[in-house]
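Student: Quick one, what's the 3D model for this:
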Amino acid sequence: MNLAIVLVIAAVLSLGIVLCLAVTQSLQAKRGASLAGAIRPIDIEAFRNLTDPAEDSYLRHRLPAAQFRAVRRERLRAMAAYVYIVGRNAGVLVRVGETARATGDARLAEAAQQLVNDALLLRRNAHVALARIYLALAWPNSDFAAVRVVERYEHLSGAAMLLGRLQNPAVPVRLTASI
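Tutor: This is a model prediction of the structure:
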């Protein structure tokens, strides 16, 4: 009987969290006047450094075990922040692509469809990568967080720039921060 009550309470709380997230994302989409302005650029070189297995190997060999675990957890938290922004940017680009698909221009619609497909794939991969990162936070000596989101993000950046040039050649779309 007690287990049933706990399960019902957990289910109701989970449903509440899912509904809150859905409403929040819906309001964010309506609130933003310019979807392209909602994109948060990231430092791609720093992101690449965090996801580099050679860097982890170097730190593993140079630091004592306890210090390595602490440094690894900090790197994983930073990696999670980058992956979260990548997923959020991919969601924005899905909406940008869906808006651009409605135009009558065949080249623009094709580029928009490619952008939507790439952004949906990247957003899904970002969710999987976040799960792997959080799993690696529990076991910092593991290789669970070997994410390959950086390459997909760069590919998506190219697709967004192509669509941006087709829509308005004077306004660049940037997904990475300038150095």
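
Student: Which residue ranges of the chain form helices?
Tutor: With DSSP state H, the ranges of helices along the chain come out as 2-31, 44-51, 53-62, 65-101, 106-138, 149-167.

Student: And the residue nearest the centre of the chain, how far from residue 93?
Tutor: Central residue of the chain (Cα atoms, centre = their mean): residue 87, 2.2 Å from the mean position. According to Cβ to Cβ, to the nearest Å, residue 87 stands 11 Å off from residue 93. Any C-beta I mention is one placed from the backbone N, CA and C, and that applies to glycine too.

Student: and if you look at residue 12?
Tutor: Taken as Cβ to Cβ, the span from residue 12 to residue 93 is 34 Å.

Student: And these two? Which one has more around it.
Tutor: residue 93 (29 against 10; other Cβ atoms under 10 Å).

Student: so that one makes contact with residue 119?
Tutor: Yes - when contacts are counted by Cβ atoms under 8 Å, residue 93 is listed as touching residue 119 (4.1 Å).

Student: got any residues that touch both of these two?
Tutor: residue 156 (Cβ atoms under 8 Å, 6 or more residues apart in numbering).

Student: And stretch 57-65, how far out from the chain middle?
Tutor: Taking Cα atoms, centre = their mean, to the nearest Å, one finds the center of stretch 57-65 at 28 Å from the center of the full chain.

Student: Quick check: mean pLDDT of that stretch?
Tutor: Mean pLDDT, stretch 57-65: 90.

Student: And it, what's buried?
Tutor: By 16 or more other Cβ atoms under 10 Å, stretch 57-65 has no buried positions at all.

Student: what's in contact with that stretch?
Tutor: Here stretch 57-65 has contacts from 68, 71-72, 141, using Cβ under 8 Å, 6+ apart.

Student: ok, and the most crowded of the residues you listed?
Tutor: residue 72 (21 neighbours).

Student: Tell me who's in contact with the nearest residue to it once chain neighbours are set aside.
Tutor: Spatially, and ignoring its direct neighbours in sequence, residue 72 is nearest to residue 140 (4.1 Å; Cβ to Cβ, 6 or more residues apart in numbering). Shown in contact with residue 140 (Cβ under 8 Å, 6+ apart): 68-69, 72-73, 76.

Student: State the phi and psi torsions of residue 140.
Tutor: phi -70, psi -20 (degrees, to the nearest 10).

Student: From residue 64, how far out is it?
Tutor: 13 Å.

Student: same deal with residue 74?
Tutor: 15 Å.

Student: Is it possible to get a markdown table of the contacts of residue 140 that adds pLDDT and distance to residue 103?
Tutor: Rendered in a markdown table, the data for these read as follows (pLDDT from 0 to 100; distance: Cβ to Cβ, whole Å):
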| residue | pLDDT | distance to residue 103 |
| --- | --- | --- |
| 68 | 90 | 52 |
| 69 | 89 | 52 |
| 72 | 90 | 47 |
| 73 | 90 | 46 |
| 76 | 90 | 42 |
